[in-house]
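In: Please work out how this folds:
(chains A and B)
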Amino acid sequence: MIRTEELLLNVGPQHPSTHGVLRIVVKLDGEVITEATPVIGYLHRGTEKLAESLNYTQIIPYTDRMDYVSAMTNNYVLVHAVEKMMGIEVPERAEFLRLIVMELQRIASHLVWWGTYLLDLGALSPFLFAFKEREMIIDLFNELCGARLTYNYMRVGGVKWDAPPGWIDKVRDFVPYMEKQLKEYERLVSGNEIFLARVKGIGKYDAETAIAYGLSGANLRCTGVKWDLRKNEPYSLYDRFEFDVPVGTNGDCYDRYMIRFEEMRQSLRILKQAVEQFPSSGETMGKVPRAIRPPAGETYVRIESPRGEIGCHIVSKGKAEPYRLKFRRPSFMNLQILPKLLVGETMTNLIAILGGVDIVLGEVDC
Amino acid sequence: MSEENKREAGRQEETAAAEQQSPPAAEQTEPAAAEQREPANTQEVSGTEPAGAGAEHPNQPQPDTMPEHPDASASDKPAEPAAPAAANADVPSAPAGEAAGAGAVDPEREAKIKAAQEARAKRLAAKAAAEGATAGAVAGAEAVAGAGAGAVDPEREAKIKAAQEARAKRLAAKAAAGGEAAPGDAEPAEPKPPSPKQPWLDEAVELLKSEVHPEAVEEAVINELAGDMPTITVKAEHWRAAAELLKGHGKLGCNYLRNVTGVDYETHMEVVYFVINLETKREYAIKIRTDREQPSVPSAVPVWPSADWPEREIYDLLGVDFPGHPDLRRIMMPDDWVGHPLRKDYVPLDPEV
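Out: Sure thing, here's the model as predicted:
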């Protein structure tokens, strides 16, 4: 007769599979999880409090440090919210540059996810592939704004730097190269039996649950809900381009994997159209008053980040600093469902499920 | 904001005083003596010395470069060259000995100081006007007038006042357009076409009044700044029933809670729930006001499970209680933390942390 007793296990806060400083207190009955409690806040820097004593331009670099895997979309949500409040028109060339960097960023972010997720599942080589291609995107960003991760690239009314000569051509060349690489990736991983055994049918939930838990991004779309803010609430220039929103049917880790994979292809499709339509000349900064003071009132602006709906709620009293600035961070909301998904699963599946949610702790804690 | 003006006015007086003191400061040619002086003077002294005893703080006395007013220098270009010119121009050009010999008063210098002062007063007035609220602005202008002392003539004052009034009027108009006032009582002069989301607002208000409670709705506006967001303020005691209606009623069906924000307005607390129906895209912002000393809002977790962590975050950072929440405890700060950091009156228990 085997006697078992309940085991309390701390996963994290520092472990490669937790993708940052996330701690999960897990109660185990043998190999099976009976309770899981995420503990967060290790990376809480009080961005929202700090923002109350900074003017809007000074807040932009802080947004880089929330979702540091996708800083461009964070930049955008803040400047877009201020522009919306002040009614500032952004020149077309600047908006094109923003859209191009956001889509490149989406690919770079998904590549980080793809590489690390497979690393979590025990496949080492995809990580090396993914980071090679991601490096090319980061080099492009580096050439554009001099930074590799924390870009501080966008401004209220436009972008800080125009594209250097030949930059757009480099993006144009990158698109077919990346398409070829994605095919390679697919051959390498997507049909692998061990991989399929680890993700198919794991971490399943239905559309109703996903909506109830406020999930967004691939976590919502894997259940068949076609909700992508680029399509459903178009912002920037997304309504000018043709692209599809991939959705899943089973709501498991495999569907989330396939959706993110397909989203990279769709981003390349948008990029291909964007570099063709890119205006050959024009301003990169719109007419912006010297003092950026949104009128008294409030706004809530949201866009589609690689992880889902990132929102920015500004309460302004007509001053240069926001009275209250709240970020709706997709990773924070998406992580909420984790305890529900983990009960009844094994420890090995914990890694597969957590990785499949795709969180960035800088954004969870903010 | 008037306090800020006073502070700046005070700083201006200080600088002006420092500038007037500067000829005696220039007499002291020994670096040791110069170092003992307060930083307001070091710059001028450093101008007279090649090695520059106070060179580490070359710009300190000038409010233009103060970090709290990053746009102040940009907002008024003409004043910008005037101030440094008054501070720097003549001191380095006059060798220390000569300055000592020339005595205290130099009419050209005084004129320059006055010009700088006036420019500064003007900038302050412009700033005060831009701040918006009329009462504060007038008080600010008075403070400026007081600080400017004899330098201000009545004509200038009248001009400043006129500019201020115009600004305030413009701001008021903007605020009205921004949805602060109910859409019904905006200026009758230019009637705006009603927002396409107005029917959503009306429908929800009607349902809340008939199904929940006749007095459930405190305020209902279209917030134009937020893309015409229908915004309803619901009384806290009716919030739970209202939430169930918003989610469950066939016409509304707001099944997705996308964001929850807590705001400390200093007079009261407010929790804002942003809900949307993913199929019809019908969306609402629901505000619940609560007392600031004992802030409490019924939890929305039983209706939208996604409210769980956001409400915990608001409890942690703003101290709002959410009765009905299944697991209300701190989420960002450590469990033994004292106070709620996002409150406007928050003072850290341990300033070292």
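
In: can you pull out the strands in the stretch 251-366 of chain A?
Out: With strands called from DSSP state E, counting those that start in this stretch, the stretch 251-366 of chain A shows them at A:297-305, A:308-316, A:324-328.

In: Those residues of the stretch 101-250 of chain A touching chain B, which are they?
Out: Selection of the stretch 101-250 of chain A residues close to chain B by C-beta under 8 Å from any C-beta of the partner chain yields A:211, A:212, A:213, A:214, A:215, A:216, A:225, A:227, A:232, A:233. In short, each C-beta sits where N, CA and C put it, glycine included.

In: doesn't residue A:333 make contact with the fifth one?
Out: Yes. At 6.9 Å, residue A:215 and residue A:333 qualify as touching, with contact defined as C-beta atoms under 8 Å.

In: tell me, what's touching the two both at once?
Out: Counting by C-beta atoms under 8 Å, 6 or more residues apart in numbering or on different chains, the shared contacts of residue A:215 and residue A:333 are A:308, B:306.

In: Among the residues of the stretch 101-250 of chain A next to chain B, which lie within strands?
Out: Per DSSP state E, strands hold no members of these.

In: Enumerate every residue touching the residue nearest to residue A:68 when sequence neighbours are not counted.
Out: Sequence neighbours aside, residue A:362 is the residue nearest to residue A:68 in space, at 4.9 Å (criterion: C-beta to C-beta, 6 or more residues apart in numbering or on different chains). For residue A:362, the contact set (C-beta under 8 Å, 6+ apart) comprises A:20, A:43, A:65, A:66, A:67, A:68.

In: Let's have these in a markdown table, adding pLDDT.
Out: Formatted as a markdown table, those follow (pLDDT from 0 to 100):
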| residue | pLDDT |
| --- | --- |
| A:20 | 81 |
| A:43 | 90 |
| A:65 | 92 |
| A:66 | 91 |
| A:67 | 90 |
| A:68 | 91 |
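
In: Closest one of these to chain B?
Out: Set against chain B, the nearest of the contacts of residue A:362 by C-beta to the nearest C-beta is residue A:43 (9.6 Å).

In: Local confidence estimate at the nearest residue in space to that closest one that is not next to it in sequence?
Out: Excluding its sequence neighbours, the residue lying closest to residue A:43 (C-beta to C-beta, 6+ apart) is residue A:365, at 3.9 Å. pLDDT for residue A:365: 90.

In: Equivalent analysis for residue B:124, please.
Out: 66.

In: what does residue A:14 give?
Out: According to the prediction, residue A:14 has pLDDT 80.

In: show me what contacts residue 284?
Out: Answering for chain A, as no chain was given. Contacts for residue A:284 (C-beta under 8 Å, 6+ apart) come out as A:91, A:93, A:94, A:97, A:158, A:159, A:161, A:162.

In: Please refer instead to chain B.
Out: Shown in contact with residue B:284 (C-beta under 8 Å, 6+ apart): B:200, B:204, B:229, B:230, B:231, B:232, B:246, B:252, B:254, B:274, B:275, B:276.

In: Residue B:231 is in contact with the second one, correct?
Out: The one in question is residue B:204. No. Using C-beta under 8 Å as the test, residue B:204 is too far from residue B:231 to be in contact (10.4 Å).

In: What number of residues are in the vicinity of the residue of the stretch 101-250 of chain A found nearest chain B?
Out: Relative to chain B, the nearest point of the stretch 101-250 of chain A is residue A:214 (2.8 Å; C-beta to the nearest C-beta). Residue A:214: 29 surrounding residues under other C-beta atoms under 10 Å in any protein chain shown.

In: what do you get for residue B:211?
Out: Counted by other C-beta under 10 Å, the residues lying close to residue B:211 total 13.

In: Nearest residue to it in space, please, no chain neighbours.
Out: Residue nearest to residue B:211 in three dimensions, not counting chain neighbours: residue B:245, with 5.5 Å by C-beta to C-beta, 6+ apart.

In: re the thing from before, which members of the contacts of residue A:284 are the farthest-apart pair?
Out: Using C-beta to C-beta, the contacts of residue A:284 span at most 13.8 Å, a distance reached by A:91 and A:161.

In: Out of the residues of the stretch 101-250 of chain A next to chain B, which end up buried?
Out: Among these, those classed as buried by 16 or more other C-beta atoms under 10 Å in any protein chain shown are A:211, A:212, A:213, A:214, A:215, A:216, A:225, A:227, A:233.

In: could you dump those residues to JSON lines with distance to residue A:35 and pLDDT?
Out: Putting these into JSON lines (distance: C-beta to C-beta, whole Å; pLDDT from 0 to 100) gives the following:
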{"residue": "A:211", "distance to residue A:35": "24", "pLDDT": "94"}
{"residue": "A:212", "distance to residue A:35": "20", "pLDDT": "93"}
{"residue": "A:213", "distance to residue A:35": "18", "pLDDT": "94"}
{"residue": "A:214", "distance to residue A:35": "22", "pLDDT": "93"}
{"residue": "A:215", "distance to residue A:35": "21", "pLDDT": "94"}
{"residue": "A:216", "distance to residue A:35": "26", "pLDDT": "93"}
{"residue": "A:225", "distance to residue A:35": "28", "pLDDT": "93"}
{"residue": "A:227", "distance to residue A:35": "31", "pLDDT": "93"}
{"residue": "A:233", "distance to residue A:35": "37", "pLDDT": "91"}
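
In: what helices or strands is the one helix or strand residue A:178 maps to leaning on?
Out: Following DSSP states H and E, one finds residue A:178 within helix A:167-185. In this structure, helix A:167-185 packs against helix A:92-120, helix A:125-145, helix A:253-277, with contacts taken as 3 or more C-beta pairs under 8 Å, 6 or more residues apart in numbering or on different chains; DSSP states H and E.

In: just so I know, which of those lies nearest residue A:307?
Out: helix A:92-120 (7.6 Å).

In: Report the buried residues of that closest one.
Out: Residues A:93-120 are the ones in helix A:92-120 that count as buried (16+ other C-beta under 10 Å).

In: now do stretch A:347-355
Out: Buried residues in stretch A:347-355 (16+ other C-beta under 10 Å): A:349, A:350, A:351, A:352, A:353, A:354, A:355.

In: The residue lying closest to residue A:73 once chain neighbours are set aside: how many residues sit nearby?
Out: Excluding the flanking residues, the one nearest residue A:73 by C-beta to C-beta, 6+ apart is residue A:305, at 4.1 Å. Residue A:305: 30 surrounding residues under other C-beta under 10 Å.

In: State the distance from residue A:305 to chain B.
Out: As defined by C-beta to the nearest C-beta, to the nearest Å, residue A:305 lies at a distance of 13 Å from chain B.

In: Surely that residue and residue A:72 touch.
Out: No. Counting by C-beta under 8 Å, residue A:305 does not reach residue A:72; the two are 9.2 Å apart.
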